[in-house]
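Asks: Sharing a sequence plus its predicted fold:
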Amino acid sequence: MATTWILVANSGLAKLYANHGVNKGVALLSQHQHPESRGKGIDLVSDRPGSNQGHGNEHGSFVPAVSPKENAADHFALELGRLLEDGRVKNHYERLILVASTPFIGRLKAHLSDGVRKLVTGSVDKDYTAANEHELVDLLAGCAYL
């Protein structure tokens, strides 16, 4: 029977589960925390914004294209993408279900390799990180036979 990995994540916490067949439930494989994504934006930068020379004698402040919180969430998504790629290369799973909060699932999908993307059989735009194994099976019953 094929193994399915289920990644349940938000920008600060991820839980990786495995399912080994119909009616087998899920088992927690690992849990990953990224407290930087939960911190205040001001705590994620080391200094105040820099400045740049404007027109004439004016000075403008530098505004980053991505906020520090978004940058931290992006780093966590990259870390999870690498974890999933490592599992794929080692043939630890044949299918993948992604369950992540709406803003984070897009970041996560952006960091998946082509090989991992081919194994994704379902995705759910919900934050189920607080659910235990039994609740997760019930919550995902509509998209997977666990």
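Replies: Thanks, I have the structure now. Residues are numbered from 1 along each chain as shown.

Asks: Quick one: the helices in this protein, in order.
Replies: 68-89, 102-110, 114-119, 133-139 (DSSP state H).

Asks: I'd like to know which of these lies nearest to residue 26.
Replies: helix 133-139 (5.2 Å; Cβ to Cβ). Where C-beta positions appear, they are placed from N, C-alpha and C, glycine not excepted.

Asks: And the nearest residue to residue 94 once chain neighbours are set aside, how far from residue 93?
Replies: Spatial nearest neighbour of residue 94, chain neighbours left out: residue 2 (4.1 Å); criterion: Cβ to Cβ, 6 or more residues apart in numbering. Going from residue 2 to residue 93 by Cβ to Cβ, to the nearest Å gives 8 Å.

Asks: okay, those two: which has more neighbours?
Replies: A direct count of neighbours by other Cβ atoms under 10 Å for residue 2 and residue 93 places residue 93 higher, at 22 against 9.

Asks: pLDDT below threshold where in the chain?
Replies: Judged by pLDDT under 70, the chain has its weakly predicted residues at 36-66.

Asks: ok so, going back, how about the helices of the chain in CSV, adding distance to residue 34 and mean neighbour count?
Replies: CSV is the format used below for the helices of the chain (distance: least, Cβ to Cβ, whole Å; neighbours: other Cβ atoms under 10 Å):
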stretch, distance to residue 34, mean neighbour count
helix 68-89, 4, 18
helix 102-110, 10, 17
helix 114-119, 19, 14
helix 133-139, 20, 15
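
Asks: of those helices, which approaches residue 145 most closely?
Replies: Across the helices of the chain, residue 145 has its closest neighbour in helix 133-139 (9.9 Å, Cβ to Cβ).
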